[in-house]
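**Student:** Here is my input; please provide its structure:
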Amino acid sequence: MGRGRLRVLLGAAPGVGKTYTMLEEGTRLAAEGRDVVVAVVETHGRSATARMLGGLEVVPRLAVTHRGVTLSEMDLDAVLERHPNVALVDELAHSNAPGSRHEKRWQDVATLLDAGIDVMTTVNIQHIESLTDVVEQITGARQQETVPDWVVRSAEQLEVVDLAPQALRDRLADGRVYPAARIDAALSNYFRLGNLTALRELALLWLADEVDSALKSYRADHGIASKWEARERVVVALTGGPEGETLLKRGARIAARSAGGTLVAVHVTSQDGLRAAHPGALAAQRSLVESLGGTFHQVVGDDIPAALVDYARGVNATQLVIGVSRRTRLSAALSGPGIGATVIRASGDIDVHIVTHAAAGGKLRLPRFSGSLTARRRILGFVLALGGGPLVTWLLVTLRSDESITSDVLTFQLVVVLVALVGGIWPALFAALLSGLTLDFFFVSPLYTVSVGEPLHLLALALYVVNAVLVSVVVDTAARRSRQARRAAAESELLASIAGSVLRGQDALQALVDRTREAFRLNEVRLKALDGSILASSSLSEFEAEAGAGTETVSRAASTIAVGDRATLELCGPDLAASERRLLGVIAAQMDQALEHRDLAATASEVGPLAVADRMRSALLAAVGHDLRRPLTAATAAVSGLRSTEVELSSHDRTELLDTAQESLDSLADLVTDLLDVSRVEAGVLAVSMHAIDVEDVIVPALDELELGPDRVELALDGDERPPVLADEVLLQRVLVNLLSNAVRFSPEGAKVRLSASAFRGRVELRVVDSGPGVPGERRDEIFVPFQRLGDTDNSTGLGLGLALSKGFVEGMGGTIEAEDTPGGGLTMVVSLPAVQPAAEEKP
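**Tutor:** You can find the predicted model right below:
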């Protein structure tokens, strides 16, 4: 009997219909003649799911008692004894009750599979072990029950049960997922629209990656090396040169031609790190790739064409974009076919695009031929050649014999190698020519002449000189690369030190200036703004000055380097080499970015209070334009009626008009007082006083002001688990008074308004829930338009500040206010404010 097959139904969140789909599929299989049983299903009180169990055989559950509580679990032994063709097992990540055969339900499933039983099961994306951290970042909730990735990946059939986020929220609001008591909390926490959208994307991406892995495994198992164009994948090869931008844009256009096309950029570095591109150019090209919606990768390989083709095949690329060689025509003629031609030969069925660009080679130029060692080393090399050559000649002439010519040649070859190691190529070439002439004069017949009697000896002498030259070139090249490697390591260490200083919380500009002075051994470095003010400076400390007092340094006048169009960098100390100035250019670019970031931060800090004041001003003007008009009109009409001589008023009518006038004038006085107080805030005279407060200290005065007791308002506060909020106590009380008065006014007679406070992901939410008529979704934005009452013109309900002013107050405190549907009918107003984060404990 073979192993059973596993089919997993994956969902983005509870309630998408995984269990219903599983039972529906089980019913279909049973109708086709398959032996199907329900091993365990959790209906969660959902009537539609329970009805689907009617036509299927259900294996009775096993009762497990733990600490006096009876729990029901899947009866694994009963299912094994029944041995159906297909077993339906809900909630793969479930933890079994203590005392069960296995700790986890997925282990029970593995036992059923080993027994040859096919299993259909369900699991949510948040329970996959590798994704728990990501899910926690999205939802703020840590999942305790998880299932290893390999269990889900081992399924022969894996499918997503998908439902649009808003459709799931509607299903939840209708009571088809959770009981009514849990609906409000679920909608405001885990089942937020943003959370559901992110979880849905996570589930679909995880499944897409699994499909890619399955495709690669299939191709590997069947020995398929050719590409499968399941979707267009364009790989762009980057060298770090100026042509990178052109290649990336061409690759992005190619990828955009087909639906679902992806752009991948790759840069090949050598294993020794010597073939390195300009870091600034690669960083800019990486940013461009990300802005085009692609990804950037770096691979290591000494054979660039092979590394490119291998990587392209590894990602199942359909297109490979490379640039025309930047080599000159002479270099191409001398060195043979370049990378492009080799890539084309090795690419097979991958289409290769060779794109021309402005940096493409075309001019006939001789290569530059220069050494890499210091002048002091070269002088030592010449000294060694001039001194060591005669000394070796005297020694060999003294010991000369007829058979010693071979050892004589090798000895002079050793001298050339030593000179090359010390002084590089030019002293070595000089030593090679000098030793060749010396060999000819002292050791090749006829002796003591520069003529050669035997043609064979002339050929040997010429080959010796060629070998000496080649050895010199090799040694000099190795020295150059070694120096480049040390230089690259030093530059990397410098940049890492700068980045580390910034990440450790140091001022970015000051850290850059300090590291620049230390790295280039300068006496002083100043970063000056264009107006002459010093933004940051660094100079030798007294200790460093004393330590370097005996060191001879050549100090020049301060040299300057432009830092973008914002500042200049003044350097006081020894002159810098060209390679050091190149690195200094990278640091200057980082300084320019730090200055730009600082300017933007300063601008944002200036704009923030202006934006708050603007919101306040807009709300105040709306209040003056609306709420002043109504009480003035009512008072004017009442007084006009009292003064009228055309109509004879009864004492009752006169009393009613006087009451109306008094009520309107009192309301007008209250409104003017409120507007004057708030106008001081708007003008900056009375600043918003942000400090840590407990929301209970605001809720109680708001209820007292409205004279609302437990018969009208139900409180649901988290208690000790809720942190304080950062807000203005007076403004927050005004907001709550307005929201509560609206909720009470629109709630049915006898229905309570619910006021809750809870903490969620660094914020505290105040929710005012009523069960009134609610507000249609298409008109929900209108309630925040200044003093829109949706047809309510009752003058006896009080003026308040209006939802528009409340919105301005809340946003001025750094919060948000939103309107949501109340499950079962009504409107829920949600005020979200930043919570005060607890101070981190200092380490002893």
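
**Student:** Am I right that P748 falls within a strand?
**Tutor:** No: assigned with DSSP: H, G, I helix; E, B strand; the rest coil, P748 falls outside any strand and is coil.

**Student:** Next, find the distance separating it from D821.
**Tutor:** 16 Å (C-beta to C-beta, to the nearest Å). C-beta here means a position set from N, CA and C on the backbone, and glycine is covered the same way.

**Student:** Repeat that for A669.
**Tutor:** Counting by C-beta to C-beta - A669 and D821 are separated by 37 Å.

**Student:** quick one: which of the two has more around it?
**Tutor:** Counting neighbours by other C-beta atoms under 10 Å for A669 and for D821 shows that D821 has the greater number, 18 against 11.

**Student:** Check whether that one really touches M829, as I assumed.
**Tutor:** No: counting by C-beta atoms under 8 Å, D821 does not reach M829; the two are 11.4 Å apart.

**Student:** pull the helix or strand with minimum mean pLDDT from the protein.
**Tutor:** Across the helices and strands of the chain, mean pLDDT, DSSP states H and E gives its lowest value to helix 542-547, namely a mean of 46.

**Student:** in its sheet, what does whichever helix or strand comes after it sit against?
**Tutor:** Sequence-wise, the next helix or strand downstream of helix 542-547 (DSSP states H and E) is strand 559-563. With DSSP bridges as the test, strand 559-563 is paired with strand 567-572 (antiparallel).

**Student:** for the stretch 501-650 of the chain, which spans come out with low pLDDT?
**Tutor:** 501-507, 541-558, 577-580, 582, 608-630 (pLDDT under 70).

**Student:** ok, the residue nearest to I405 when sequence neighbours are not counted to W394 distance?
**Tutor:** The shortest distance from I405 to any non-neighbouring residue, by C-beta to C-beta, 6 or more residues apart in numbering, is to F443 (6.0 Å). F443 is 13 Å from W394, where distance means C-beta to C-beta.

**Student:** for V764, same thing?
**Tutor:** 94 Å.

**Student:** These two: which has the busier surroundings?
**Tutor:** Looking at V764 and W394 with other C-beta under 10 Å, you find the greater number of neighbours at V764, namely 24 against 11.

**Student:** Check which helix or strand the more buried one maps to.
**Tutor:** strand 763-769.

**Student:** One more: G381?
**Tutor:** With DSSP H and E as the criterion, G381 is inside helix 375-398.

**Student:** Can you report phi and psi for A692?
**Tutor:** phi -70, psi 130 (degrees, to the nearest 10).

**Student:** I figured the residue nearest to I405 hits R400, correct?
**Tutor:** Yes: F443 lies in contact with R400 (C-beta under 8 Å); the separation is 7.0 Å.

**Student:** Can you get me a residue count around the residue nearest to I405?
**Tutor:** Neighbours around F443, by other C-beta under 10 Å: 19.

**Student:** Show the contacting residues for it.
**Tutor:** L396, R400, I405, D408 (C-beta atoms under 8 Å, 6 or more residues apart in numbering).

**Student:** which two from those residues end up farthest apart in space?
**Tutor:** For the contacts of F443, the farthest-apart pair by C-beta to C-beta is L396 and I405; their separation is 9.9 Å.

**Student:** for the stretch 201-350 of the chain, what are the low-confidence residue spans?
**Tutor:** 209-231, 258-260, 270-280, 326-337.

**Student:** The same query, at a cut-off of 80, please.
**Tutor:** 205, 208-232, 242, 256-261, 269-281, 300-302, 325-338 (pLDDT under 80).

**Student:** Please, where are all the strands along it?
**Tutor:** Applying DSSP state E, counting those that start in this stretch to the stretch 201-350 of the chain gives strands spanning 233-238, 262-269, 295-300, 319-323.

**Student:** re the thing from before, quick check: which of the contacts of F443 has the minimum pLDDT.
**Tutor:** Least confident entry in these, by pLDDT: I405, with 75.

**Student:** picking up where we left off before, any idea which of the strands of the stretch 201-350 of the chain is most buried?
**Tutor:** strand 233-238 (a mean of 27; mean count of other C-beta atoms under 10 Å).

**Student:** Show which residues not belonging to that one make contact with it.
**Tutor:** By C-beta under 8 Å, 6+ apart, the list of residues contacting strand 233-238 reads 244, 247-248, 250-252, 254-255, 261-268, 277, 282, 285, 289, 294, 308, 311-312, 315-323, 343.

**Student:** Enumerate every residue touching K249.
**Tutor:** Per C-beta under 8 Å, 6+ apart, neighbours of K249: L292.

**Student:** Would you quantify the distance from it to S287?
**Tutor:** 13 Å.

**Student:** Repeat that for A634.
**Tutor:** 63 Å.

**Student:** Of the two, which one has the most company?
**Tutor:** A direct count of neighbours by other C-beta under 10 Å for A634 and S287 places A634 higher, at 18 against 11.

**Student:** wait, what's in contact with that one?
**Tutor:** Shown in contact with A634 (C-beta under 8 Å, 6+ apart): T660, A661, E663, S664, N795.

**Student:** what number of residues lie near the closest residue to G2 other than its chain neighbours?
**Tutor:** Distance criterion C-beta to C-beta, 6+ apart; nearest residue to G2, sequence neighbours excluded, is G116 at 6.1 Å. G116 has 13 neighbours, counted by other C-beta under 10 Å.

**Student:** go on, N85?
**Tutor:** N85: 15 neighbours (other C-beta under 10 Å).

**Student:** just A31 next, same as before
**Tutor:** A31: 10 neighbours (other C-beta under 10 Å).

**Student:** now do the one 5 residues further on
**Tutor:** Close neighbours of V36, defined as other C-beta under 10 Å, add up to 24.

**Student:** And for T449?
**Tutor:** There are 11 residues near T449, going by other C-beta under 10 Å.

**Student:** Begin at 7, not 1, for the rest of this chat.
**Tutor:** Happy to do that; since the first residue is 7 now, the last one works out to T455.

**Student:** Surely it and F447 touch.
**Tutor:** Yes: the criterion here is C-beta under 8 Å, and T455 meets it with F447 at 6.9 Å.
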